[in-house]
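S.K.: Dropping a prediction and its sequence here:
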Amino acid sequence: MNASHFLSRLTDPIAAIGRCGQFLLRMIAGIRPGNRLAISSLQQTYLVGARSLVIIMICGFFVGMVLALQSVNALQSFGAEDQASLLVGKSLFRELGPVLTALLFAGRAGTAVTAEIGLMRATSQIDAMELMAIDPVHRIALPRFLAGLISMPLLAGMFNAMAILGSVVFAIGVIGLDPGIFWGKLQNSITFQEDFLQGVLKSVVFGSLVSLVAVYYGYTSKPTGAGVGTATTNTIVVSSVLVLIFDFILTSFFA
Amino acid sequence: MPQNAVELNNLSFSRGSRTILNGINATITEGSVVAIMGPSGAGKTTILRLISGQLRPDGGSIRIFGRDIHQMNRSELFAFRRQIGVLLQNGALFTDLTVFENIATPVREHTGLPEALIRRLVMSKLNAVGLGGTENLMPHELSGGMARRIAFARAVALDPSLMLYDEPLTGLDPIAVSTVSRLIRETNDALGLTSIIVTHNVVQMQKLADYCIIIADREIAGAGHPKDLADSDNPKVRQFMNGEVDGPIPFRYQSEHQWSLTG
């Protein structure tokens, strides 16, 4: 490996971040309030958001049960199993809800968006749109990006709700913890500003990250089968890494 | 006297170190049907992409209706493209939209017409290509020939002044070839368009085109009426028009590194 090749390996990711930023600015510059953008964004919200609901709900339910099981196990040795709902609530609202939802969203919806846009590129649909003097960034990428932004906080909320249901089923139904104490501790331990808002903010940031990565890789994919495959893989890898990096940054900010 | 619709002035284009086009000069008059022909890889589609502004030339200029399109910024180019209709090789229909929505998309985007009028316009375009009644079908339900005609209807939806066709007859059965050829000619004459067709189909172009440009070896090898070109003095033109195997146009890819059995 010669020096220039090594240097380009180092600078390529920085250049990619720059291009992605330019792409985001191009999308934002194309926002024109109107029915057409609202309708297509809502259609995409159904496609990327509503269709991710089942997998989010199932995963949320089981994550809640696992959390309850681990919390009760850990706290039992101190005789503090009554505090299990506190641990479940805090970890769900602050971390697991937004992070796991974002990772699932990237796997379910992000890859679908990348593959769809990549296929449009491969079958010249994006070229056709440009030749009709329609900007594909505004017409294709922007509604999908906004849909991700709208969907993620809602999906994270649903994930948390199902996870709490799962923890209730396990902690009260199986372990036999007192329902009053479980709900009371949960209600008292979760604060609006520190827990709820932190979770909402994280899910908005993660939603925009995953959606941006998905539309960017789809739009810039090579117009071949292998190109679309690589773009789809890049979406899941890059968005997962970015979600975890930004989770640390946001958590440090709130701490 | 007809004006010049498209002027190519000393046009050159390269991909990396490989020169695709070099010193191309041509003039296409308004109202004519012009075929750009040549062997595969000669740069025919590249010329079309240069004319539509998808590619920028390395040298020379392209003037369409008197305006240099590569001096325009992005928004000017997009505004100018409303005068140009393009039929891509595979049709490139939007796969998630119905036939109706495919044709209505450019109309909705660029006009403020009410929905009832858009419907009438789309249906008239569909009937013009002989596919009335297919408006609710999805692109995957269409045959290759039908998809090409729907894409044609979409390309002429805004009544452009210049039509560009990229291999419009490739992969079609003989009936569909005749149908699409007739559509191109009739639409050109009825609407007073100028049409540029990139194709390999020598036989159809002898019936359809008013003028023919043969590209070979990075430059224009010959130009004129298709019937005259078959008897051209230029051996490259004669070889292409008559489909001869032996001649100056090589069958093999011209690589800098030739591989041989003897090593």
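M.R.: In hand now; what should we look at?
S.K.: which stretches of chain B aren't confidently modelled?
M.R.: Confidence mapping of chain B against pLDDT under 70 gives the ranges B:1-2, B:250-263.
S.K.: Report the rounded mean pLDDT for stretch A:229-238.
M.R.: In this model, stretch A:229-238 has a mean pLDDT of 94.
S.K.: again with stretch A:146-163
M.R.: For stretch A:146-163, mean pLDDT is 94.
S.K.: anything in it near chain B?
M.R.: No: if you take CB under 8 Å from any CB of the partner chain as the test, stretch A:146-163 misses chain B, and the best it gets is 14.3 Å. The way it works is simple: take the backbone N, C-alpha and C, and place the C-beta from them, glycine included.
S.K.: now that stretch, how far from the centre of its chain.
M.R.: Distance of stretch A:146-163 from the chain centroid (CA atoms, centre = their mean, to the nearest Å) equals 8 Å.
S.K.: Convert it to PDB, retaining C-alpha atoms only.
M.R.: Extracted in PDB, the C-alpha atoms of stretch A:146-163 (Å, rounded to 0.1, in the frame of the first residue of the first chain):
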ATOM      1  CA  LEU A 146     -39.100  13.000   6.800                       C
ATOM      2  CA  ALA A 147     -41.000   9.800   7.200                       C
ATOM      3  CA  GLY A 148     -38.100   8.300   9.200                       C
ATOM      4  CA  LEU A 149     -38.000  11.500  11.300                       C
ATOM      5  CA  ILE A 150     -41.700  11.200  12.100                       C
ATOM      6  CA  SER A 151     -41.700   7.400  12.600                       C
ATOM      7  CA  MET A 152     -38.800   6.900  15.000                       C
ATOM      8  CA  PRO A 153     -40.100   8.700  18.100                       C
ATOM      9  CA  LEU A 154     -43.500   7.000  17.600                       C
ATOM     10  CA  LEU A 155     -41.900   3.600  17.200                       C
ATOM     11  CA  ALA A 156     -39.700   4.200  20.200                       C
ATOM     12  CA  GLY A 157     -42.800   5.100  22.200                       C
ATOM     13  CA  MET A 158     -44.500   1.900  21.100                       C
ATOM     14  CA  PHE A 159     -41.300  -0.100  21.900                       C
ATOM     15  CA  ASN A 160     -41.200   1.300  25.400                       C
ATOM     16  CA  ALA A 161     -44.900   0.600  25.900                       C
ATOM     17  CA  MET A 162     -44.600  -3.000  24.800                       C
ATOM     18  CA  ALA A 163     -41.400  -3.400  26.900                       C
END
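S.K.: Run a quick neighbour tally on A:Phe62.
M.R.: The number of residues packed near A:Phe62 is 14, by other CB atoms under 10 Å in any protein chain shown.
S.K.: what sits against it?
M.R.: A:Phe62 makes contacts with A:Gly166, as judged by CB atoms under 8 Å, 6 or more residues apart in numbering or on different chains.
S.K.: Secondary structure element holding it?
M.R.: Per DSSP states H and E: A:Phe62 is located in helix A:53-76.
S.K.: Measure how buried the residue of the stretch 101-250 of chain B found nearest chain A is and give me the count.
M.R.: Closest residue of the stretch 101-250 of chain B to chain A, CB to the nearest CB: B:Pro106 (4.5 Å). The tally of other residues near B:Pro106 (other CB under 10 Å) stands at 24.
S.K.: In a strand, it, correct?
M.R.: No: B:Pro106 sits outside any strand when classified using DSSP: H, G, I helix; E, B strand; the rest coil, being helix.
S.K.: Leaving out the residues flanking it, which one is nearest to it?
M.R.: Leaving out its chain neighbours, the residue that sits closest to B:Pro106 by CB to CB, 6 or more residues apart in numbering or on different chains is A:Met132, at 4.5 Å.
S.K.: Would you agree that neighbour is in contact with B:Gln83?
M.R.: No: under the criterion of CB atoms under 8 Å, A:Met132 makes no contact with B:Gln83, lying 11.8 Å away.
S.K.: These two: which is more packed in?
M.R.: A direct count of neighbours by other CB under 10 Å for A:Met132 and B:Gln83 places A:Met132 higher, at 24 against 15.
S.K.: what sits against that one?
M.R.: A:Met132 is in contact with B:81, B:105-106, B:109, B:154, counting by CB under 8 Å, 6+ apart.
S.K.: mind checking the SS state of B:Ile220?
M.R.: Here B:Ile220 is recorded as strand under three-state DSSP.
S.K.: That one contacts B:Thr27, correct?
M.R.: No: in this structure, B:Ile220 is not within contact of B:Thr27 by CB under 8 Å, at 11.5 Å.
S.K.: Comparing the two, which residue is more hemmed in?
M.R.: Neighbour count, other CB under 10 Å: between B:Ile220 and B:Thr27, B:Ile220 has more, with 19 against 14.
S.K.: ok, the more buried one - contacts?
M.R.: Residues near B:Ile220 by CB under 8 Å, 6+ apart: B:24-26, B:213-214.
S.K.: Give me the pLDDT value at the residue nearest the centre of chain A.
M.R.: Centrality entry for chain A: nearest residue to the mean C-alpha point is A:Ala102, 2.3 Å, by CA atoms, centre = their mean. You'll see A:Ala102 listed with a pLDDT of 96.
S.K.: Averaged pLDDT, the helix holding A:Phe62. What do you get?
M.R.: The model assigns helix A:53-76 a mean pLDDT of 93.
S.K.: now that helix: how far from the chain's centre is it?
M.R.: In terms of CA atoms, centre = their mean, the centre of helix A:53-76 is found 19 Å from the chain centre.
S.K.: just checking, what packs against the helix or strand that comes right after it?
M.R.: Next in sequence after helix A:53-76, counting helices and strands by DSSP H and E, comes helix A:84-91. Counting contacts by 3 or more CB pairs under 8 Å, 6 or more residues apart in numbering or on different chains; DSSP states H and E, helix A:84-91 packs against helix A:53-76, helix A:142-168, helix A:179-189.
S.K.: Tell me the gap between the last one and the middle of its chain.
M.R.: It refers to helix A:179-189. Centre to centre, stretch against its chain (CA atoms, centre = their mean), the figure for helix A:179-189 is 28 Å.
S.K.: I'd like to check the angle between it and helix A:142-168, please.
M.R.: Here the directions of helix A:179-189 and helix A:142-168 differ by 140 degrees (axes from the mean of the first three to the mean of the last three CA atoms, to 10 degrees).
S.K.: which bits of chain A sit near chain B?
M.R.: Counting by CB under 8 Å from any CB, chain A sits next to chain B at A:119-120, A:123-125, A:127-135.
S.K.: which SS class is B:Thr19?
M.R.: Of the three states, B:Thr19 takes strand under three-state DSSP.
S.K.: can I assume it is in contact with B:Ser12?
M.R.: Yes: taking contacts as CB under 8 Å, B:Thr19 lies within contact range of B:Ser12: 7.2 Å.
S.K.: any idea which of the contacts of B:Ile220 has the most stuff around it?
M.R.: Most surrounded of the contacts of B:Ile220: other CB under 10 Å gives B:Ile214, at 28 neighbours.
S.K.: helix, strand or coil for that one?
M.R.: Secondary structure, three-state DSSP: B:Ile214 is strand.
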